[in-house]
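Q: Could you work out the structure for the sequence below:
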Amino acid sequence: MRPVRGRIEVNRELPPVPIPASLLNEIWAHALESDPEECCGLISGDDVRRFRRVHRCRNEMTALHERDPVSWPRNGREAFHMNELDYLKVRDEAEGRGERVTAVYHSHVGPGAYFSEMDQEFAARSDFPFPSADHIVIAVFGGSVIGQGIFQRDERTGSFRGSLLVAAAP
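A: The predicted model follows:
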């Protein structure tokens, strides 16, 4: 595992990554509906269409924090913890359609669309269920989406790089 050093910002010099506008709109809607807490979910697709379907998942971070604030010092306003039954169901249904989970998404409330140290540590864990998935971060502030980025792992180095995520025709 590569050591995590600071957050990763969107590099606007890299080519933007297109995603169907309908999917991006669904992720934005989820982020805005979840505000002031972070949303989380998955995107499934295949080799022909990497981003095909959005699957909302429940963020359990606040419930975990309320039960055990020592083990879970952050709540849903600062972090997310995807419901395991939700993501296992998405994975199984995607595989049944010949698809796979191609991206994990979540929102940041206020600070911006970057890949935090905590996000990187989560993605690097040996028990992370989708090691080849991209990571999409949507920034929400004041009831509006203010930014978005996609963070992809470099297969050679294992480190992540951030690109702008842009809406495209389906």
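
Q: Give me the distance from the worst-scoring helix or strand of the chain on mean pLDDT to the chain's centre.
A: Least confident element among the helices and strands of the chain, by mean pLDDT, DSSP states H and E: helix 117-124 (a mean of 90). Relative to its chain's centre, helix 117-124 lies at 11 Å (CA atoms, centre = their mean, to the nearest Å).

Q: name the helices or strands packed onto it?
A: Secondary-structure packing of helix 117-124 (3 or more CB pairs under 8 Å, 6 or more residues apart in numbering; DSSP states H and E): strand 134-141. Bear in mind the C-beta positions are built from the backbone N, C-alpha and C, glycine included.

Q: Tell me the strands beside the strand it packs on, with direction?
A: strand 100-109 (parallel), strand 144-153 (antiparallel) (DSSP bridges).

Q: quick one: average pLDDT of the last one?
A: In this model, strand 144-153 has a mean pLDDT of 96.

Q: re the thing from before, restricting to C-alpha, output the least confident helix or strand of the chain in CSV.
A: Extracted in CSV, the C-alpha atoms of helix 117-124 (Å, rounded to 0.1, in the frame of the first residue of the first chain):
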residue,chain,number,x,y,z
GLU,A,117,-6.5,11.3,3.1
MET,A,118,-9.4,9.4,4.6
ASP,A,119,-10.8,8.6,1.2
GLN,A,120,-7.4,7.3,0.0
GLU,A,121,-7.0,5.2,3.1
PHE,A,122,-10.5,3.7,2.6
ALA,A,123,-9.7,2.9,-1.0
ALA,A,124,-6.4,1.3,-0.1
